[in-house]
Structure formats: structure tokens, C-alpha cells
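Asker: just need the structure, nothing else, for what follows:
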Amino acid sequence: MQLFREGMEVNLFSAVELVSLVLPHMRDQKWGRIISISSIYGREYGGSVDYMTAKAGLIAFSKHLALNLAPENVLVNCIAPGSIDFPGSTWDRFQQNNTPEVVDEFISRNLPAGKFGWPEPIGETVAFLASERADLITGTCLNVDGGQSRSLF
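Answerer: Residues are numbered from 1 along each chain as shown. Below is the predicted model of the structure:
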């Protein structure tokens, strides 16, 4: 149970706390962008139960906020990355701790693009959602996963 609580704290409650700190200013200025990083595993099976639950909660929290804050020009969205590789990541460790055959099998079964994702597309999506060009996008969760997710929603 402690591990579950810690997972919720790291992956959901920290985001809720951060939003509570910035939201009064955004409401006062009648403009704001809140962009949370969820996961494709907030929409479908994968990862630990605390991670999946927290990421699903983050998507629901964001949708609820979006619908309530849209009249105040505070837009709220999520990004759901797939398997993103960077130094020190879970996927970096996975590749280091498994044989090339195991890694290749994972990639062929799970990553239609034939490779792990990388951080820059996530950052570019955040930049777009934070811009004036995205001023009609709120309450959505965009997958940035190279086709990895299986969910239709």
C-alpha cells in the first residue's frame, strides 16, 4: 500500500499541487495554459497499478479542469507519451539490462515506428499547446507515441 501511495504522490498529487499554485494567477489574468504529462498507460494496460491509476487520474483531472476553466481562457491539456528513451530512463535501463534479442523483440512487438521515442517531440508538443496557435484545444490528451498505443480513444 505504501508503494501505491508513493506512486500516486509522484504521478498525480504533485501535479494537482502545482496547478493549485499557478491557477489563481492564471484566473486573475484570464489566460493560462496547463499541460500535464500523463502516459499511454493512463489509457490502457501497462506499467504498475499505481502508475496506471495515477496517470489515468491525471487525464481525468485535466479534463475536469479544462471544462471548468475554458470560460476563463485557461486551457488544460495532457500529453501521453509512449516508451521514451533518454539517459537514465526506464527504457535506457531496459536496453542496458537485456540482450539485444530481447530489446529487438520488444521493439518489434510494441513500437510500430521501429524505435523508442525521444524527448524532443514531447517538448515540441508542449510548446505548441502552450502557444496562441492552440487556442481552441482544451480538454484533450494527445498521444506522442509513434503509434505504440492500442486504445481507440
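Asker: name the single longest helix found in the protein.
Answerer: Ranked by residue count and defined by DSSP state H, the top helix of the chain is helix 49-69.
Asker: looking at it, N110 is touching F94, isn't it?
Answerer: No - at 11.3 Å, N110 does not count as touching F94 under the criterion of Cβ atoms under 8 Å. No exception for glycine: its C-beta is placed from N, CA and C like everyone else's.
Asker: quick one, what contacts D145?
Answerer: 40, 80-83, 117 (Cβ atoms under 8 Å, 6 or more residues apart in numbering).
Asker: circling back: quick one, the next helix or strand after the longest helix of the chain and helix 49-69 angle?
Answerer: In the C-terminal direction, the helix or strand that comes right after helix 49-69 (DSSP states H and E) is strand 74-81. Per axes from the mean of the first three to the mean of the last three Cα atoms, to 10 degrees, the angle that strand 74-81 makes with helix 49-69 is 150 degrees.
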